[in-house]
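Novice: I need the structure of the sequence given here:
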Amino acid sequence: MAFAATLGALTEELIEVITSTSSQSNPGRFNVLKESSQRTIRHHNFLRTNQFDVESKLNGFEEHFRVVNKDGLADALRERLDALALISNKWTPDVLDLFLQLEDQPIRNSKLTDLELLKKSDKDLGPPLRWDDIAKEDGWDQDRDLWKNAKFEGDSSDEEYYEGESVVSADDELTSISSAEVQGRKPTDFLIDPQDASGLDQVRKTQLWRNAVPSKDATGRTQKIVITEFQAVREVFSMLTGLENTLFDAQGVPSLQFQLKHTSWEVCKALLGSLSEASRQLFVLREFSKHQQQMPLLQVFQEAVERRLRSFDSEISNLQSRFLDIQQDVVVSLAGVLDDVKPHLQPLACLSDIIQELQRLKYPRPFHYLELLFDAAGIAQLEGSDVVYEFLATLFFECFQVYLRSIRLWMEAGELIEEDKAFFISSSPSQLPASQVWADQYTLRKTTDGTLYVPRFLQPAASKILTTGKSVVILKLLGKYQPSGIQSPGSLLEVNKDFASTYGVFAPFSEVFNDAFDKWMESKHHAASTTLQRTLFESCHLWSILGALQQVYLMTDGSRSDTFAFAVFNNLDLLNANWHDRFNLTSLAHEAFSSLASVQKIAVHVSTDGQAHDVKDIRQSVRIGLPSIRVIYRLFWPIRIILSDESLTQYQAAFTFLLQLRRATYVLHKYRLVSDSIAGTTNTSTEQDIYYGLRTRLLWFCNILHSYLNTMVLGPLTAQLHETLRQAEDVAAMIASHSTFTKQMIAQMCLGSKLDPIQQVILDMFDLAIRLQDARQLESEREQEEVQELSRLSFMSSPTKHSSRRYLKSSEEEDETFLFEQDRSTMLQDREQTFAEVLSEIRADFDRHVKFITSGLKGVARASGDTAAGKWATLAEMLEVGIQERR
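Specialist: Predicted coordinates:
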């Protein structure tokens, strides 16, 4: 109630002040305004400033200052924030928020020197300067007409402004003039009476040659204007410093009207020609320094050129001083001046050639001049020109520091400078999911023809730079990034200017640069890569996930894989129409791989194409149905960086092939004949011998493949993968190692495109196993029908004595199974052929397929340079040895 009363009183006072309306003068309007104001105040939506948000923004500015190498500003900001915290009140966040709303790019515009303006000077500056004091000192404080407006009328004349004539002597040393004197002076009063007329005449005489008109000899030929060597030297100095002169034009072309005294025209022409070339090259440099550059990378190059031109002008001034302030005897010689200037001109001439080559390109890349400097420094070193080499190499490293800022910001903070078109790393315009950040968010920029948009001298390190920055980005997403608050000593690329003493005389400039840059880059690369690798192995459990993938996809634990696979095969043999039910398949997988800690991440389903096939067709071939079974292992997104989509596809291909191999082995082992003594009849026919021989051969073939895949492919490759992952220097190397592992696995398992015909024949062999068992089952049914018919005719049939020759599951003895109760015509093959004919065809196909596989593997191994060729040859020898032994 007290608050409401206070609020009401303040509201009434506010209304009276603003509207000049009181409860006595206009009660109706006053009450309306009061109710409206109170309702607005009570229901306003403007909350107080979020002090935590303000503090976060200010801390963000401090961090950004440090990232852009402005540690001084960051320290100053932190010092003032700490001091403000001791004297702050409830309005401090609002004031700071106002400042933040008024900020204008503080990262770019803030300067540490501006803080000095806020400090009070300790010096006694004396009384402040006032206009009254100035007026008294100059004597115009009493001049009232000074502030009158001038009247420029038609009948006015200049004489009206002169009140008298003031005569000022040349020796008058007055430092201040009264207003009346200033108004009375005439232009002629500023003329200086020369005291040394003879000296002036001498100067005029020495400059007469500039305006001299060439004369003609008796034959009518124009004569040259003869000048002294001293005059020529003066013109050369003016030309070299970029000043106007008579002997050379603006582009450095010499005038052909003049000739040196006591010098032949040919010698004079040669000297002026050499100086003209130097003038032309200097003109290129001076013109380049005048044009405004927009990009920082070109601005630093322009500033470096200007600095070297100033240094050259200083050297020319020192040479001129020898002729102006003569301390000892000096020989005035144009050739001598040329020799003295040549060491200073030679580096600038090389620099001028670089700029001309840069200007000849219509659309040069911003960093192209760095490539030209890099190449020119290497050429100068090969030519033995140490002065030019050191000049160009130093200039290169100075300009490269600016390009290095983008690299440093990327490698240390994982950030890109906006609108930086010179940097070779680009970002996707849209933010991608975390699992795709590594592969697709940041890429190396390329030109339209597909080449990398990278300076040639950085191309070997471009991938490593990209990897380091992406590692920092991933660490930020994982919350594991720890920025360094203090700039590291290696933030800038420092190179000793005395290259010869540091790296030796014969060390190529490319090696000098690579050595310095590799050391600098390694300091950034190692920290980020090591941290990310440790995070993947320890926090994301990469080792356990790889083990789970190998157990699920590569079936390294045979008993658990058989549990899942045999359950699927049993449903196929029972002609279960719902064999592809994803919930049932996933449940079977969870039961089979229950020992895995991440078993709930496994999901199994059958693709739409596989569901469209009839279960009867799927049962009769490994090509139908089994390839449609998809195993999905849900991975945490950081692991997806190492295990790409392509690698998971190759895991699935290996799983399918191993499942097909297990299907053939399962069919050959699932049913066995009950012993003859139990069956009640002997089994000594030739057909049975052929059948057992074929079954043994097919089992041998499947066992050979099992042995080859487990002992020569999957085992060694898995061990090699673990070793390469431990030794990988960064995440990119880990990705490459795992990608190499999956590719080699597919190749050595004969699943690559090169061995596609051989793979199809191997699948034919698996189908032969299914066909053989179907044929034997059909023959068993025929024999059973014959025995039943004979028993019926002889009245000897008895259900308790009936023990026909049939197949049983490997876990059963004489229990009837669902398989025997099905209609054989709907599930067994070769019903129209005799058992002997089917066995004959299977034996022929088996021999042909084995020969084709053996010869094909040998041929491909000999013709291919693939690393898997040796494994293919080994598999061919294993099959060939088995064939010879069975013969």
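Novice: how many residues are close by the residue lying closest to Phe766 once chain neighbours are set aside?
Specialist: Leaving aside its sequence neighbours, Phe766 sits nearest to Ala664 (CB to CB, 6 or more residues apart in numbering; 3.9 Å). Quick note: C-beta positions are derived from backbone N, CA and C, even for glycine. When neighbours are counted by other CB atoms under 10 Å, Ala664 registers 25.
Novice: now swap in the one 4 residues further on and tell me
Specialist: Neighbourhood size, Leu668 [other CB under 10 Å]: 19.
Novice: tell me the mean pLDDT over the helix or strand hosting it?
Specialist: Assigned by DSSP states H and E, Leu668 belongs to helix 645-670. Across helix 645-670, the average pLDDT comes to 93.
Novice: return the set of buried residues in it.
Specialist: By 16 or more other CB atoms under 10 Å, the buried positions in helix 645-670 come out as 647-648, 650-668, 670.
Novice: show me what it is packed against.
Specialist: The helices and strands touching helix 645-670, judged by 3 or more CB pairs under 8 Å, 6 or more residues apart in numbering; DSSP states H and E, are helix 558-573, strand 629-633, helix 686-708, helix 731-748, helix 756-793.
Novice: residues of the first one that come out buried?
Specialist: This means helix 558-573. For helix 558-573, the neighbour count (16+ other CB under 10 Å) marks 560-573 as buried.
Novice: from the middle of its chain, how far away would that helix be?
Specialist: In terms of CA atoms, centre = their mean, to the nearest Å, the centre of helix 558-573 is found 47 Å from the chain centre.
Novice: same deal with stretch 602-620?
Specialist: A distance of 43 Å separates the centroid of the chain from that of stretch 602-620, by CA atoms, centre = their mean.
Novice: please identify the buried residues of it?
Specialist: Of the residues in stretch 602-620, Ile602, Ala603, Val604, His605, Val606, Gly610, Val615, Ile618, Arg619, Gln620 count as buried by neighbour count, 16+ other CB under 10 Å.
Novice: and what of stretch 586-606?
Specialist: Buried-residue list, stretch 586-606, by 16+ other CB under 10 Å: 586, 588-590, 592-593, 596, 598-599, 602-606.
Novice: again, but for stretch 304-314
Specialist: Ala304, Val305, Arg308, Leu309, Phe312.
Novice: among the residues you listed, which one lies nearest to Val284?
Specialist: When the buried residues of stretch 304-314 are compared for distance to Val284 (CB to CB), Val305 wins out at 10.0 Å.
Novice: who touches stretch 73-86?
Specialist: Residues outside stretch 73-86 that contact it (CB atoms under 8 Å, 6 or more residues apart in numbering): Leu58, Phe61, Glu62, Glu63, Phe65, Arg66, Thr92, Ser110, Leu112, Leu115.
Novice: so Ser23 sits against Leu33, correct?
Specialist: No - if you go by CB atoms under 8 Å, Ser23 and Leu33 don't touch, sitting 10.4 Å apart.
Novice: look at those two and report which has more neighbours.
Specialist: Leu33 (19 against 14).
Novice: residues contacting the more buried one?
Specialist: Ile15, Thr19, Thr21 are the contacts of Leu33 under CB under 8 Å, 6+ apart.
Novice: ok, Glu63 next?
Specialist: Going by CB under 8 Å, 6+ apart, Glu63 touches Ala74, Pro483.
Novice: check which element follows the lowest-mean-pLDDT helix or strand in the chain along the chain.
Specialist: In the chain, the helix or strand scored least confidently by mean pLDDT, DSSP states H and E is strand 807-809, which has a mean of 36. Scanning forward in sequence from strand 807-809 by DSSP H and E, the next helix or strand is helix 835-863.
Novice: got the CA positions of the helix or strand just after that next one in CSV?
Specialist: Next along the chain after helix 835-863, taking DSSP H and E as the criterion, comes helix 869-886. This file holds the C-alpha atoms of helix 869-886, laid out as CSV (Å, rounded to 0.1, in the frame of the first residue of the first chain):
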residue,chain,number,x,y,z
ALA,A,869,47.5,-57.8,-55.2
GLY,A,870,49.7,-59.9,-52.9
LYS,A,871,46.7,-61.0,-50.9
TRP,A,872,44.8,-62.0,-54.1
ALA,A,873,47.7,-64.1,-55.2
THR,A,874,47.8,-65.8,-51.8
LEU,A,875,44.1,-66.7,-52.0
ALA,A,876,44.6,-68.1,-55.5
GLU,A,877,47.4,-70.3,-54.2
MET,A,878,45.3,-71.5,-51.3
LEU,A,879,42.5,-72.5,-53.7
GLU,A,880,44.9,-74.0,-56.2
VAL,A,881,46.7,-76.1,-53.5
GLY,A,882,43.4,-77.4,-52.3
ILE,A,883,42.3,-78.4,-55.8
GLN,A,884,45.6,-80.3,-56.4
GLU,A,885,45.4,-82.1,-53.0
ARG,A,886,41.8,-83.3,-53.8
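Novice: if I take helix 869-886 and helix 756-793, what angle do their directions form?
Specialist: On the basis of axes from the mean of the first three to the mean of the last three CA atoms, to 10 degrees, helix 869-886 is oriented at 30 degrees to helix 756-793.
Novice: what sits up against helix 869-886?
Specialist: With contact meaning CB under 8 Å, 6+ apart, helix 869-886 is reached by 697, 700-701, 704, 707-708, 712-713, 748, 750, 755, 850, 853-855, 857-858, 860-862, 864.
Novice: show me which of those are buried.
Specialist: 697, 700-701, 708, 712-713, 748, 750, 755, 850, 853-854, 857-858, 860-861.
Novice: let me know the closest of the residues you listed to Trp410.
Specialist: For the buried ones among the contacts of helix 869-886, the nearest to Trp410 is Gln748 (38.9 Å; CB to CB).
Novice: and the closest one, how far from Trp872?
Specialist: 8 Å (CB to CB, to the nearest Å).
Novice: swap in Asp440?
Specialist: Per CB to CB, Asp440 is found 35 Å from Trp872.
Novice: more crowded one of those two?
Specialist: Set Asp440 next to Trp872 and count neighbours by other CB under 10 Å: Trp872 wins out with 24 against 11.
Novice: excluding chain neighbours, what is closest to Ala393?
Specialist: Ala377 (4.5 Å).
Novice: now swap in Asp845 and tell me
Specialist: Leu768 (5.9 Å).
Novice: list the contacts for that neighbour?
Specialist: By CB under 8 Å, 6+ apart, the contact set of Leu768 is Leu698, Ile842, Asp845, Phe846, His849.
Novice: and these, which is closest to Gly252?
Specialist: Nearest to Gly252, judged by CB to CB, of those is His849 at 85.5 Å.
Novice: tell me the pLDDT at the closest one?
Specialist: Confidence at His849, expressed as pLDDT, is 92.
Novice: thanks a lot, see you next time.
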